[in-house]
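> Okay, sequence plus prediction incoming.
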Amino acid sequence: MEVIDAQPKYVRSKTLPFKTIRIRPIGDIQLGSDGTQVKRLKEYIREGIEADAWFLGMGDYTDFLSPSNRQKLKNAGLYDNSVNKIEKWAIEEINELADLFKDTKGRWIGMHEGHHFYEFSDGTTTDTRLSEMLEAPFLGTCGLTGIQFTNAEAHRSVTCVIWSHHGSTGSGSILNKLEKIALGFPNADILCMAHANQLETRAIPAVELIGKRGQFYTKSRSRRLVATGSFDTAYTVGSTDGMTGRPRGGYAEKAAYRPTGIGAPMIRITPQVHDSYHNGKRYMYGELDIRAEV
C-alpha cells in the first residue's frame with residue numbers, strides 16, 4: 001500500500017484553501033482491444049481538464065498482457081531479438097496513451113497498476129513508464145491519499161482521505177465490495193475501485209460524535225463509494241477477437257458479463273465550516289461535502 005499527500009505537479013501547496021476541487025478517476029481503457037472507445041476517452045479527458053480536475057489512474061491502460069499471459073511469455077524462453085521487438089511494440093503503445101493524455105501531465109494524484117501490463121527487461125512496466133511520462137506518482141496496488149484543506153480565517157482544517165485500488169477478480173457489485181472494505185478503513189472518505197468495468201456510485205451516510213468530555217456534539221458525514229467505469233466495450237458488433245473473419249466475441253462477451261459502464265466519474269469535494277451548539281455554546285468544525293456524478 002502507498003500512502004501519499006495529494007499534490008499534483010501543477011498545485012504548488014500541499015495545503016489547499018477551502019475551495020471545491022474535482023477528481024476524475026479513469027481506467028480500464030484496455031488500449032489495443034476491439035472495443036476500446038478512444039473517442040469517448042478523449043471527451044472525458046477534455047471535460048476533466050475544462051473542469052480543472054485532478055486525475056486518478058485506476059489501471060488496465062493497455063490490453064497487453066494479462067497475468068497468465070505474462071507468465072506464459074516469461075516461460076517461453078524467447079531469444080533477445082524477439083523480446084526486443086515485443087518491447088518496441090509495447091513502447092509504441094504507451095507512447096500512444098501518453099499522447100492521448102498529454103494535456104493531463106502534472107494533474108495526477110497518482111496511477112495504479114492494473115492486471116494488464118507488459119514488464120520490460122529492466123523491471124519497469126508499461127504502467128510505471130506511463131506514470132513517469134505523465135508526472136504521476138505510481139501507487140502500485142492500493143493507495144491511501146490525503147488531501148488537506150485549511151481555512152485560515154476560521155482556523156480550521158479538514159482532510160479528505162481517498163482509498164483506491166484497481167480491483168480484483170470475482171463477480172458481483174463493486175459497490176457492495178467497497179462497502180465491506182470501508183469497514184476496515186473507517187477514515188476513508190472516498191473509496192474507488194475499477195476492474196469490473198462498472199460505473200456507479202453510492203453514499204454511506206454516517207453520524208460522528210466529536211468534541212471532548214462535557215462538550216460532545218455530533219456532525220454528519222457522507223462517505224462515497226465509486227466504481228470507476230471503463231472505456232472498453234464488452235459487446236462489439238463485428239468483433240472477431242483479433243482472429244479471423246469469423247464472428248467471435250472478446251473475453252467479456254464469452255463469459256456473458258453484463259454490459260460495460262462506459263465513461264469515468266467526476267468526484268466533487270467541497271470543504272466547509274459548520275457551527276454546532278451544545279449547552280448554549282457554539283462550536284465550529286470542518287466538514288466535507290462529497291458528491292460524485294457518473
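Cool, the structure landed.
> Tell me where the stretch 101-250 of the chain has strands.
108-112, 138-140, 142-151, 156-165, 190-193, 199-210, 217-228 (DSSP state E, counting those that start in this stretch).
> packing partners for the third one?
With contacts taken as 3 or more Cβ pairs under 8 Å, 6 or more residues apart in numbering; DSSP states H and E, strand 142-151 sits against strand 2-5, strand 15-17, strand 108-112, strand 156-165, strand 266-278. The C-beta positions use only the backbone N, C-alpha and C, and glycine is treated the same way.
> Low-confidence stretches in the stretch 1-150 of the chain?
For the stretch 1-150 of the chain, the stretches with pLDDT under 70 are 12, 14.
> can you give me the helices in it?
All helices of the stretch 1-150 of the chain, identified by DSSP state H, counting those that start in this stretch, fall at 38-50, 67-75, 80-100, 126-133.
> Columns distance to residue 284 on top of those, output as CSV?
Output for the helices of the stretch 1-150 of the chain, formatted as CSV (distance: least, Cβ to Cβ, whole Å):
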stretch, distance to residue 284
helix 38-50, 33
helix 67-75, 50
helix 80-100, 45
helix 126-133, 39
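> Could you say which of those is packed most deeply?
Of all the helices of the stretch 1-150 of the chain, helix 126-133 carries the top mean neighbour count, a mean of 20, counting by mean count of other Cβ atoms under 10 Å.
> just how off-centre is that one within its chain?
15 Å (Cα atoms, centre = their mean, to the nearest Å).
> Run through who's touching that helix.
Applying Cβ atoms under 8 Å, 6 or more residues apart in numbering, the external contacts of helix 126-133 come out as 57, 59, 61-62, 64, 90-91, 93-94, 97-98, 105, 108, 110-114, 117-118, 120, 137-138.
> Quick check: which of the helices of the stretch 1-150 of the chain is nearest to residue 286?
helix 38-50 (26.2 Å; Cβ to Cβ).
> The closest one - contacts with which helices or strands?
Right, helix 38-50 is packed against strand 21-26, helix 80-100 by 3+ Cβ pairs under 8 Å, 6+ apart.
> and these as JSON lines, adding distance to residue 7?
What follows is the helices and strands packed on helix 38-50, written out as JSON lines (distance: least, Cβ to Cβ, whole Å):
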{"stretch": "strand 21-26", "distance to residue 7": "12"}
{"stretch": "helix 80-100", "distance to residue 7": "21"}
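> Residue 220 is nearest to which of the ones you listed?
The nearest among the helices and strands packed on helix 38-50, by Cβ to Cβ, is strand 21-26 at 20.6 Å.
> then the closest one to CSV, C-alphas only?
C-alpha atoms of strand 21-26 as CSV (Å, rounded to 0.1, in the frame of the first residue of the first chain):
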residue,chain,number,x,y,z
ILE,A,21,-11.8,20.5,-6.2
ARG,A,22,-12.8,17.8,-8.7
ILE,A,23,-11.2,14.4,-9.2
ARG,A,24,-11.7,12.2,-12.3
PRO,A,25,-10.7,8.6,-11.7
ILE,A,26,-10.0,7.0,-15.1
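> what sits up against that strand?
For strand 21-26, contacts defined as Cβ under 8 Å, 6+ apart pick out 41, 44-45, 47-48, 51-58, 109, 147, 162, 164, 192, 194, 226, 228-229, 264-269.
> Run the angle between that strand and strand 108-112 for me.
For strand 21-26 against strand 108-112, the angle by axes from the mean of the first three to the mean of the last three Cα atoms, to 10 degrees is 20 degrees.
> Now do strand 21-26 and strand 156-165, the angle between them.
Using the same axes, to 10 degrees: strand 21-26 against strand 156-165 is 0 degrees.
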